[in-house]
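**Student:** just coords:
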Ligand SMILES: Nc1ncnc2c1ncn2[C@@H]1O[C@H](COP(=O)(O)OP(=O)(O)OP(=O)(O)O)[C@@H](O)[C@H]1O
Ligand SMILES: [Mg+2]
(Lines give C-alpha, C1' and ligand atoms only; values in the text may rest on other atoms or scores of the structure.)
(Ligands and ions follow the chains in the order given, each with its own letter.)
Protein backbone atom coordinates (compact mmCIF):
# COMPACT_ATOMS: atom_id res chain seq x y z
CA UNK A 1 0.00 0.00 0.00
CA UNK A 2 1.22 3.47 -0.80
CA UNK A 3 2.01 5.93 1.99
CA UNK A 4 0.84 8.87 0.01
CA UNK A 5 -2.79 9.87 0.55
CA UNK A 6 -3.62 10.89 -3.04
CA UNK A 7 -2.06 7.65 -4.28
CA UNK A 8 -4.07 5.68 -1.76
CA UNK A 9 -7.08 7.38 -3.25
CA UNK A 10 -5.98 6.59 -6.79
CA UNK A 11 -4.68 3.08 -6.46
CA UNK A 12 -7.30 1.77 -4.05
CA UNK A 13 -10.09 4.20 -4.88
CA UNK A 14 -10.17 4.87 -1.17
CA UNK A 15 -12.11 8.01 -0.31
CA UNK A 16 -10.64 10.20 2.40
CA UNK A 17 -13.15 10.31 5.25
CA UNK A 18 -11.26 12.70 7.47
CA UNK A 19 -8.09 14.70 7.26
CA UNK A 20 -6.51 16.38 10.27
CA UNK A 21 -3.02 17.90 10.69
CA UNK A 22 -1.56 14.56 11.75
CA UNK A 23 -3.72 11.88 10.17
CA UNK A 24 -5.64 10.87 7.09
CA UNK A 25 -8.51 8.42 7.53
CA UNK A 26 -9.33 6.70 4.25
CA UNK A 27 -12.05 4.14 3.88
CA UNK A 28 -10.90 1.22 1.81
CA UNK A 29 -14.23 0.81 0.05
CA UNK A 30 -15.13 -0.67 -2.39
CA UNK A 31 -12.77 -3.52 -1.48
CA UNK A 32 -14.09 -3.74 2.03
CA UNK A 33 -16.97 -1.53 3.05
CA UNK A 34 -16.21 -1.81 6.75
CA UNK A 35 -12.53 -1.05 6.88
CA UNK A 36 -10.44 2.06 7.05
CA UNK A 37 -6.79 2.95 7.08
CA UNK A 38 -5.38 5.74 9.25
CA UNK A 39 -2.18 7.18 7.83
CA UNK A 40 -0.27 8.90 10.62
CA UNK A 41 2.12 11.80 10.21
CA UNK A 42 5.03 12.28 12.60
CA UNK A 43 4.23 14.92 15.22
CA UNK A 44 7.67 15.85 16.44
CA UNK A 45 11.04 15.53 14.78
CA UNK A 46 13.36 13.71 15.54
CA UNK A 47 11.45 12.03 18.41
CA UNK A 48 8.91 10.20 16.22
CA UNK A 49 11.48 9.35 13.54
CA UNK A 50 13.44 7.36 16.12
CA UNK A 51 10.57 6.05 18.23
CA UNK A 52 8.77 4.55 15.24
CA UNK A 53 11.43 1.84 14.95
CA UNK A 54 10.47 0.64 18.44
CA UNK A 55 6.81 1.54 18.91
CA UNK A 56 5.24 3.64 16.19
CA UNK A 57 1.99 5.49 16.83
CA UNK A 58 -0.11 2.98 14.89
CA UNK A 59 1.28 0.17 17.03
CA UNK A 60 0.54 2.11 20.22
CA UNK A 61 -3.02 2.73 19.02
CA UNK A 62 -3.41 -0.89 17.97
CA UNK A 63 -2.26 -2.22 21.33
CA UNK A 64 -4.35 0.26 23.30
CA UNK A 65 -7.52 -0.56 21.34
CA UNK A 66 -6.98 -4.25 22.03
CA UNK A 67 -6.30 -3.61 25.70
CA UNK A 68 -9.45 -1.53 26.10
CA UNK A 69 -11.50 -4.22 24.37
CA UNK A 70 -10.04 -6.84 26.72
CA UNK A 71 -11.24 -4.71 29.65
CA UNK A 72 -14.72 -4.52 28.13
CA UNK A 73 -14.40 -0.87 27.08
CA UNK A 74 -15.93 -0.37 23.62
CA UNK A 75 -13.06 0.52 21.32
CA UNK A 76 -12.56 0.51 17.59
CA UNK A 77 -11.82 -2.96 16.18
CA UNK A 78 -8.25 -2.88 14.87
CA UNK A 79 -6.82 -5.30 12.32
CA UNK A 80 -3.13 -4.46 11.98
CA UNK A 81 -0.49 -1.78 11.74
CA UNK A 82 2.52 -0.94 9.62
CA UNK A 83 5.49 1.36 9.83
CA UNK A 84 7.32 3.31 7.10
CA UNK A 85 10.98 2.36 7.27
CA UNK A 86 12.33 5.46 5.52
CA UNK A 87 13.44 7.88 8.27
CA UNK A 88 11.79 10.93 6.67
CA UNK A 89 8.68 9.23 5.30
CA UNK A 90 5.67 11.53 5.13
CA UNK A 91 3.53 9.07 7.06
CA UNK A 92 5.31 7.32 9.93
CA UNK A 93 2.79 4.49 10.29
CA UNK A 94 -0.63 3.20 9.39
CA UNK A 95 -3.42 1.57 11.35
CA UNK A 96 -5.99 -0.75 9.83
CA UNK A 97 -9.35 -0.60 11.56
CA UNK A 98 -13.06 -0.95 11.12
CA UNK A 99 -14.79 2.13 9.79
CA UNK A 100 -17.88 3.16 11.76
CA UNK A 101 -20.17 5.08 9.45
CA UNK A 102 -22.96 7.36 10.66
CA UNK A 103 -21.19 8.41 13.86
CA UNK A 104 -20.40 11.79 15.34
CA UNK A 105 -18.03 12.56 18.15
CA UNK A 106 -19.42 12.59 21.69
CA UNK A 107 -19.39 16.38 22.04
CA UNK A 108 -21.37 16.92 18.85
CA UNK A 109 -23.74 14.13 19.86
CA UNK A 110 -24.33 15.76 23.24
CA UNK A 111 -24.79 19.20 21.66
CA UNK A 112 -27.44 17.85 19.31
CA UNK A 113 -29.16 15.84 22.03
CA UNK A 114 -31.93 17.80 23.77
CA UNK A 115 -32.79 15.06 26.26
CA UNK A 116 -30.76 15.40 29.45
CA UNK A 117 -31.41 11.79 30.49
CA UNK A 118 -29.81 10.57 27.24
CA UNK A 119 -26.95 13.05 27.67
CA UNK A 120 -26.27 11.82 31.17
CA UNK A 121 -26.47 8.16 30.13
CA UNK A 122 -23.61 8.69 27.69
CA UNK A 123 -21.56 10.77 30.13
CA UNK A 124 -21.98 8.19 32.86
CA UNK A 125 -20.81 5.41 30.52
CA UNK A 126 -17.77 7.51 29.55
CA UNK A 127 -17.05 8.19 33.24
CA UNK A 128 -17.11 4.43 33.91
CA UNK A 129 -14.65 3.84 31.04
CA UNK A 130 -12.28 6.53 32.30
CA UNK A 131 -12.44 5.23 35.88
CA UNK A 132 -11.79 1.67 34.67
CA UNK A 133 -8.65 2.77 32.81
CA UNK A 134 -7.15 4.72 35.72
CA UNK A 135 -8.15 2.09 38.29
CA UNK A 136 -5.88 -0.30 36.38
CA UNK A 137 -2.99 2.13 36.68
CA UNK A 138 -3.03 3.40 33.10
CA UNK A 139 -3.10 6.91 31.71
CA UNK A 140 -4.95 7.57 28.43
CA UNK A 141 -2.84 10.00 26.42
CA UNK A 142 -5.67 11.56 24.42
CA UNK A 143 -8.76 11.16 26.55
CA UNK A 144 -11.27 13.67 25.21
CA UNK A 145 -14.76 13.62 23.77
CA UNK A 146 -13.49 14.11 20.21
CA UNK A 147 -12.07 10.61 20.48
CA UNK A 148 -15.36 8.95 21.37
CA UNK A 149 -17.57 8.11 18.39
CA UNK A 150 -21.29 7.81 19.06
CA UNK A 151 -23.74 6.12 16.69
CA UNK A 152 -27.40 6.95 16.13
CA UNK A 153 -28.49 4.74 19.00
CA UNK A 154 -26.11 6.36 21.51
CA UNK A 155 -23.51 3.55 21.54
CA UNK A 156 -19.96 4.77 22.07
CA UNK A 157 -16.63 3.65 20.58
CA UNK A 158 -13.24 4.91 21.74
CA UNK A 159 -10.85 5.79 18.90
CA UNK A 160 -7.34 7.28 18.73
CA UNK A 161 -6.29 5.46 21.89
CA UNK A 162 -2.94 5.42 23.60
CA UNK A 163 -2.34 3.96 27.05
CA UNK A 164 0.63 4.34 29.35
CA UNK A 165 1.19 2.36 32.54
CA UNK A 166 2.02 4.76 35.38
CA UNK A 167 3.49 2.95 38.37
CA UNK A 168 3.86 5.99 40.61
CA UNK A 169 0.53 6.49 42.43
CA UNK A 170 0.95 10.26 42.85
CA UNK A 171 1.80 10.68 39.19
CA UNK A 172 -1.19 8.61 38.18
CA UNK A 173 -3.48 10.75 40.35
CA UNK A 174 -2.00 13.85 38.70
CA UNK A 175 -2.57 12.40 35.22
CA UNK A 176 -6.15 11.56 36.16
CA UNK A 177 -6.78 15.17 37.18
CA UNK A 178 -5.25 16.38 33.89
CA UNK A 179 -7.55 14.01 32.02
CA UNK A 180 -10.58 15.41 33.85
CA UNK A 181 -9.54 18.90 32.70
CA UNK A 182 -9.12 17.69 29.11
CA UNK A 183 -12.52 15.99 29.20
CA UNK A 184 -14.12 19.10 30.65
CA UNK A 185 -12.58 21.33 27.98
CA UNK A 186 -13.63 18.98 25.21
CA UNK A 187 -17.23 19.10 26.47
CA UNK A 188 -17.27 22.87 25.87
CA UNK A 189 -20.88 24.07 26.24
CA UNK A 190 -22.42 20.81 25.01
CA UNK A 191 -24.23 20.24 28.31
CA UNK A 192 -25.21 22.57 31.18
CA UNK A 193 -22.48 23.56 33.65
CA UNK A 194 -24.13 21.54 36.42
CA UNK A 195 -23.92 18.39 34.29
CA UNK A 196 -20.26 19.07 33.52
CA UNK A 197 -19.57 19.24 37.26
CA UNK A 198 -21.62 16.11 37.91
CA UNK A 199 -19.60 14.31 35.23
CA UNK A 200 -16.29 15.15 36.92
CA UNK A 201 -17.69 14.09 40.28
CA UNK A 202 -18.93 10.82 38.77
CA UNK A 203 -15.49 10.06 37.27
CA UNK A 204 -13.89 10.57 40.70
CA UNK A 205 -16.56 8.57 42.51
CA UNK A 206 -16.33 5.64 40.08
CA UNK A 207 -12.54 5.61 40.31
CA UNK A 208 -12.74 5.49 44.12
CA UNK A 209 -15.34 2.70 44.01
CA UNK A 210 -13.37 0.67 41.46
CA UNK A 211 -10.13 1.03 43.40
CA UNK A 212 -11.81 -0.01 46.66
CA UNK A 213 -13.56 -2.91 44.93
CA UNK A 214 -10.37 -4.25 43.36
CA UNK A 215 -8.40 -4.35 46.63
N1 LIG B 1 -12.78 4.09 12.61
C2 LIG B 1 -13.38 5.25 12.35
N3 LIG B 1 -14.66 5.26 11.93
C4 LIG B 1 -15.28 6.45 11.66
N5 LIG B 1 -14.69 7.66 11.79
C6 LIG B 1 -13.42 7.69 12.20
C7 LIG B 1 -12.70 6.50 12.51
N8 LIG B 1 -11.46 6.83 12.91
C9 LIG B 1 -11.41 8.17 12.86
N10 LIG B 1 -12.58 8.69 12.44
C11 LIG B 1 -12.88 10.13 12.23
O12 LIG B 1 -11.68 10.81 11.95
C13 LIG B 1 -11.39 11.78 12.97
C14 LIG B 1 -9.90 11.83 13.25
O15 LIG B 1 -9.46 10.55 13.70
P16 LIG B 1 -8.38 10.37 14.85
O17 LIG B 1 -8.87 11.02 16.10
O18 LIG B 1 -8.03 8.94 14.92
O19 LIG B 1 -7.16 11.18 14.21
P20 LIG B 1 -6.28 12.36 14.81
O21 LIG B 1 -5.38 12.90 13.77
O22 LIG B 1 -5.65 11.88 16.03
O23 LIG B 1 -7.31 13.46 15.07
P24 LIG B 1 -7.28 14.56 16.18
O25 LIG B 1 -5.88 15.10 16.26
O26 LIG B 1 -8.31 15.52 15.65
O27 LIG B 1 -7.68 13.83 17.44
C28 LIG B 1 -12.23 11.36 14.16
O29 LIG B 1 -12.58 12.45 14.98
C30 LIG B 1 -13.45 10.74 13.49
O31 LIG B 1 -14.36 11.75 13.12
MG1 LIG C 1 -8.40 12.13 17.65
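**Tutor:** Sure, I can see it. Remember, predicted model here, so these are calculated numbers, not experimental data. Ligands and ions are numbered 1, 2, ... in the order given.

**Student:** How about the secondary structure of residue 44?
**Tutor:** Three-state assignment for residue 44 (DSSP: H, G, I helix; E, B strand; the rest coil): coil.

**Student:** In the chain, where's the longest helix?
**Tutor:** Of all segments of type helix in the chain, defined using DSSP state H, the longest is helix 193-214.

**Student:** And for that helix, what's in contact with it?
**Tutor:** 116, 119-120, 123-124, 126-128, 130-132, 134-135, 176, 180, 183-184, 187, 191 (CB atoms under 8 Å, 6 or more residues apart in numbering). Just so you know, the C-beta spots here come from the backbone N, C-alpha and C atoms, and that holds for glycine as well.

**Student:** repeat that for 7 Å
**Tutor:** Under the criterion CB atoms under 7 Å, 6 or more residues apart in numbering, residues 119-120, 123-124, 127-128, 130-132, 134-135, 176, 180, 184, 187 lie in contact with helix 193-214.

**Student:** Between those, which sits nearest residue 20?
**Tutor:** Nearest to residue 20 out of these is residue 187 (CB to CB; 19.7 Å).

**Student:** need the contact list for that closest one.
**Tutor:** Per CB under 7 Å, 6+ apart, neighbours of residue 187: 107, 145, 196.

**Student:** before we move on, back to that, which members of the contacts of helix 193-214 occur in helices, if any?
**Tutor:** Here DSSP H is the test, and the contacts of helix 193-214 give 119-120, 123-124, 127-128, 130-132, 134-135, 176, 180, 184, 187 as lying in helices.

**Student:** Farthest pair within those?
**Tutor:** It's 119 and 135 that sit farthest apart of those, by CB to CB, at 24.3 Å.

**Student:** before we move on, the earlier item: can you pick the most crowded of the contacts of residue 187?
**Tutor:** residue 145 (24 neighbours; other CB atoms under 10 Å).

**Student:** All good on my end, thank you.
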